[in-house]
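1. Next comes the sequence, and after it the predicted model I'd like to discuss.
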Amino acid sequence: MRRSLIDAARLRGTLLLALCALAPTFATAQGFSALVSPPRFEDRAGPGTVYRNVVEITNVSGAAARYSLKTADWHLDAQGSAVFDTALAPGSCRPWVGLEAAQIQVPANGKRRYRFEVAVPADAPVGECRFAILLEGDPEMLGGALALPVSGRIGIIVYLGIGDAAARLRLIGTTVGDVEGRKLPLLQVRNDGNAHTRLEGLIDGTDGNGRKLSFIPGSLPLMPGETRTIALNPQADDDASAAPTIVYPLQLKGALDWDKQRLPIDTRLDP
C-alpha cells in the first residue's frame, strides 16, 4: 500500500461536491458519475495501532472511469459545509494515512472496494485525527472558446478519535433567530473537549398558545474548541404534515445527549 501525501490541487474550474451525510452519496459532473458508501467514517483507534477500513466506490455510468484519490485537510465553514485544502495543515495527521492507490479504474456500472489505513504513532497525543479522502474524476473541457477544465470531486470525511478523546459541551446561551424564513429557538453550544460530536434527542416545549411541541437539534457537528449555533426544529405530527409554526414565548425543558453525556436545557424564549 502506497503512502499518499499528494498535495497538488486543481485550483481552477473545480466542481466541489463536499458531502458529509451518512447515506451513500452520488455526484455527477458531465462524464463524472460516482457513488461512495459510506461518505463519512467516525471511529476510534489507540496509539501504536493501525486502523483500516474500506470505502465502496461505484461508477454509475455506461463507460469505464478513472479516478484520482488523495488526502486533504478540511474545516467547516459557518454554514457547516466542508472546505478542503490539500496543503498540509499544522499538526495534520495526514502523514499517518496510507491509501491503496493514487489512481483506480472502475468499469462501467461497476464497483471497487478501496482500502485505506491510519498508522497511529505510539506517542500520538489524545485527540482527534481528521482528514478527507478526495475522489476526483478526469477533468473535462467546458465553456466553448473559453473552455476551462472542470472535474467532479467527492470528499470522504474521516473522524478518528485517538485514545480517550471526547467532546465536552456546555450551553453558552439561547436565543430566537431566523432560519430559512422561520423563527426558531437557537442554542449556542461550546465544545471544550478534544473530539467532535453531534447533539441528539428531543426537547419538550410549550408555546404561547399552550400547545405541546417536540424539538430536535440540527445535525451540524460541534468541533473541538468551537462555539456553534444549533437550531431546534419543531417536529410535525406525521411525515405528511408541515412543521408547526411556533407562537412565542416558548418554554423549553429537557436534555440533549452526546456520547453518553447530557446537556440540560430549561429556558423561556421570547421573540
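-> All right, it came through fine.

2. what helices or strands is the longest strand seen in the chain leaning on?
-> Using DSSP state E to define each element, the chain has its longest strand at strand 148-162. Contacts defined by 3 or more C-beta pairs under 8 Å, 6 or more residues apart in numbering; DSSP states H and E place strand 148-162 against strand 14-18, strand 25-29, strand 32-37, strand 40-45, strand 65-76, strand 82-85, strand 127-137, strand 140-142. In short, each C-beta sits where N, CA and C put it, glycine included.

3. got those as JSON lines, with mean pLDDT, distance to Pro234 and mean neighbour count columns?
-> Formatted as JSON lines, the helices and strands packed on strand 148-162 follow (pLDDT from 0 to 100; distance: least, C-beta to C-beta, whole Å; neighbours: other C-beta atoms under 10 Å):
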{"stretch": "strand 14-18", "mean pLDDT": "35", "distance to Pro234": "29", "mean neighbour count": "18"}
{"stretch": "strand 25-29", "mean pLDDT": "46", "distance to Pro234": "28", "mean neighbour count": "18"}
{"stretch": "strand 32-37", "mean pLDDT": "87", "distance to Pro234": "32", "mean neighbour count": "20"}
{"stretch": "strand 40-45", "mean pLDDT": "97", "distance to Pro234": "27", "mean neighbour count": "17"}
{"stretch": "strand 65-76", "mean pLDDT": "95", "distance to Pro234": "25", "mean neighbour count": "20"}
{"stretch": "strand 82-85", "mean pLDDT": "94", "distance to Pro234": "28", "mean neighbour count": "16"}
{"stretch": "strand 127-137", "mean pLDDT": "96", "distance to Pro234": "32", "mean neighbour count": "22"}
{"stretch": "strand 140-142", "mean pLDDT": "57", "distance to Pro234": "43", "mean neighbour count": "14"}
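
4. What count of nearby residues applies to the closest residue to Gly46 other than its chain neighbours?
-> Computed as C-beta to C-beta, 6 or more residues apart in numbering, the closest residue to Gly46 that is not its neighbour in sequence is Gly163, at 6.3 Å. Neighbours of Gly163 under the rule other C-beta atoms under 10 Å: 17.

5. And the pLDDT at Gly163?
-> For Gly163, the pLDDT comes out at 96.

6. Likewise for Gly254?
-> Per-residue pLDDT puts Gly254 at 96.

7. So what sits opposite it in the bridge?
-> Beta-bridge pairing of Gly254 under DSSP bridges involves Ile203, Ile265.

8. and it, what does it touch?
-> By C-beta atoms under 8 Å, 6 or more residues apart in numbering, the residues touching Gly254 are 201-204, 264-265.

9. What is the nearest of those residues to Leu69?
-> Nearest to Leu69 among the contacts of Gly254, counting by C-beta to C-beta, is Gly201 at 36.7 Å.

10. The helices and strands packed on strand 148-162 into a markdown table, with extra columns for distance to Leu184?
-> As requested, the helices and strands packed on strand 148-162 are exported to a markdown table (distance: least, C-beta to C-beta, whole Å):
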| stretch | distance to Leu184 |
| --- | --- |
| strand 14-18 | 25 |
| strand 25-29 | 27 |
| strand 32-37 | 32 |
| strand 40-45 | 25 |
| strand 65-76 | 20 |
| strand 82-85 | 24 |
| strand 127-137 | 29 |
| strand 140-142 | 39 |
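
11. Nearest to Arg228, out of those strands?
-> Proximity to Arg228 (C-beta to C-beta) singles out strand 65-76 among the helices and strands packed on strand 148-162, at 8.6 Å.

12. Check which helices and strands the closest one is in contact with.
-> Applying 3+ C-beta pairs under 8 Å, 6+ apart, we find strand 65-76 packed against strand 32-37, strand 82-85, strand 97-99, strand 103-106, strand 127-137, strand 148-162.

13. and these as TSV, adding distance to Ala64?
-> Output for the helices and strands packed on strand 65-76, formatted as TSV (distance: least, C-beta to C-beta, whole Å):
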stretch	distance to Ala64
strand 32-37	12
strand 82-85	26
strand 97-99	21
strand 103-106	6
strand 127-137	12
strand 148-162	16
